[in-house]
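J.: After the sequence you'll find the predicted model.
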Amino acid sequence: MMAEHVLRRYTLLSTIERAAPYALFGGNLKVGSGRDEDRVFTPKFKDTRGELRAGMLGNNRAYSRRTCKKYKVKRLFYASSSSVYGESKKFPLKESENISPKNIYGLSKKINEEISYIYNKFYNLNLTGLRFFTVYGNWGRPDMMMLKFIESYFKKKVFRLHNFGKHTRDFTHIDDVVEILHRLLKNNKKIKKNDVLNICSNKPMNLLNVISFMMKNGIKPKIAKVKLQQADILKTHGDNKKLFKYIGRKKFSNWRASVKNLILWYKNNML
């Protein structure tokens, strides 16, 4: 595991101890594992067994009464995803929206949310699902769009751009995510016993605009434009008003500065 990620992980763990001693994060949070709705350059139906195993078994272990009793868990935060919304077009997407996932990954996250309802009802465990929207930044997953694009340039690979780049994503920087988690931990007693929250910037962006900006900053890989993948989601745009009720208002990172920093970080750490 890479140094900065380790540091961030243990910083977050120490935050948990200070802010909410018995809070526990569950779910598939391993760097480089799972998939997300913005992976617009690989198939979604490639490994359904792996998707379900990665997306569900981690949460089931965390949910177990033995685990929660051992660690005296008062609230369990688990990783969900914006993928649960599928192709809903009621933007910005609210947590109260009826969800209908378009791919196996999103379905596994929906099942996790339904399981959390059962554990709350019968075992009185407080659970909060975090629907992450396209998290990006340093030490991010290498299969995500931005890092994949940067890597393709430096390693002289062809970047496959599905649907000719006509996708829109609610990009959320990792530094903003860490701050949000910190605030949720400090205010976890205010959250409902079983609930879900959008973790998003509420600032959707077209992928072609992001790519154009990276190219202006020297990242110019060869691009192969291909048709839409069957299970790819065209647009994500989350509403974060409900989140702000618990954490207060927040100013999100400037995406241009964040992308420049990501390019610089890649040059200094990955080459």
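T.: Nice, thanks for sending it over. Computed from a predicted model, the values in this text were never measured in an experiment. Numbers count the residues shown, from 1 in each chain.

J.: residue boundaries of the strands in this structure?
T.: 23-26, 75-81, 126-132, 135-136, 158-162, 168-169, 172-173, 194-199, 205-206, 222-226 (DSSP state E).

J.: could you dump these to CSV with distance to Leu264, mean neighbour count and mean pLDDT?
T.: For every residue, glycine as well, the C-beta is placed using N, CA and C. What follows is these, written out as CSV (distance: least, CB to CB, whole Å; neighbours: other CB atoms under 10 Å; pLDDT from 0 to 100):
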stretch, distance to Leu264, mean neighbour count, mean pLDDT
strand 23-26, 29, 19, 48
strand 75-81, 28, 24, 89
strand 126-132, 24, 24, 94
strand 135-136, 14, 21, 96
strand 158-162, 20, 17, 96
strand 168-169, 22, 22, 97
strand 172-173, 15, 26, 97
strand 194-199, 25, 22, 97
strand 205-206, 20, 16, 97
strand 222-226, 22, 12, 97
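
J.: JSON lines for these, including distance to Glu113?
T.: Shown next, in JSON lines, are the strands of the chain (distance: least, CB to CB, whole Å):
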{"stretch": "strand 23-26", "distance to Glu113": "12"}
{"stretch": "strand 75-81", "distance to Glu113": "6"}
{"stretch": "strand 126-132", "distance to Glu113": "5"}
{"stretch": "strand 135-136", "distance to Glu113": "18"}
{"stretch": "strand 158-162", "distance to Glu113": "27"}
{"stretch": "strand 168-169", "distance to Glu113": "21"}
{"stretch": "strand 172-173", "distance to Glu113": "19"}
{"stretch": "strand 194-199", "distance to Glu113": "6"}
{"stretch": "strand 205-206", "distance to Glu113": "26"}
{"stretch": "strand 222-226", "distance to Glu113": "32"}
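
J.: Tell me which of the ones you listed approaches Ile111 most closely.
T.: strand 75-81 (10.3 Å; CB to CB).

J.: List the strands paired with the closest one, with their directions.
T.: strand 23-26 (parallel), strand 126-132 (parallel) (DSSP bridges).

J.: what distance separates that strand from the middle of the whole chain?
T.: Centroid separation for strand 75-81 versus its chain: 11 Å, with CA atoms, centre = their mean, to the nearest Å.

J.: mind exporting it as PDB, just the C-alpha atoms?
T.: Provided in PDB are the C-alpha atoms of strand 75-81 (Å, rounded to 0.1, in the frame of the first residue of the first chain):
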ATOM      1  CA  ARG A  75     -22.900   3.300  14.000                       C
ATOM      2  CA  LEU A  76     -21.600   1.700  10.800                       C
ATOM      3  CA  PHE A  77     -20.900   3.700   7.700                       C
ATOM      4  CA  TYR A  78     -20.700   1.700   4.600                       C
ATOM      5  CA  ALA A  79     -19.800   2.400   1.000                       C
ATOM      6  CA  SER A  80     -22.600   2.600  -1.500                       C
ATOM      7  CA  SER A  81     -22.500   4.300  -4.900                       C
END
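
J.: and the angle for it with strand 194-199?
T.: 50 degrees (axes from the mean of the first three to the mean of the last three CA atoms, to 10 degrees).

J.: While we're on Glu114, how confident is the model there?
T.: What the model reports for Glu114 is a pLDDT of 92.

J.: just to revisit the earlier point, looking at the strands of the chain, which is closest to Tyr105?
T.: Comparing those by CB to CB, strand 75-81 comes nearest, at 7.0 Å.

J.: Tell me where the model's unsure across this structure.
T.: For the chain, the stretches with pLDDT under 70 are 1-65.
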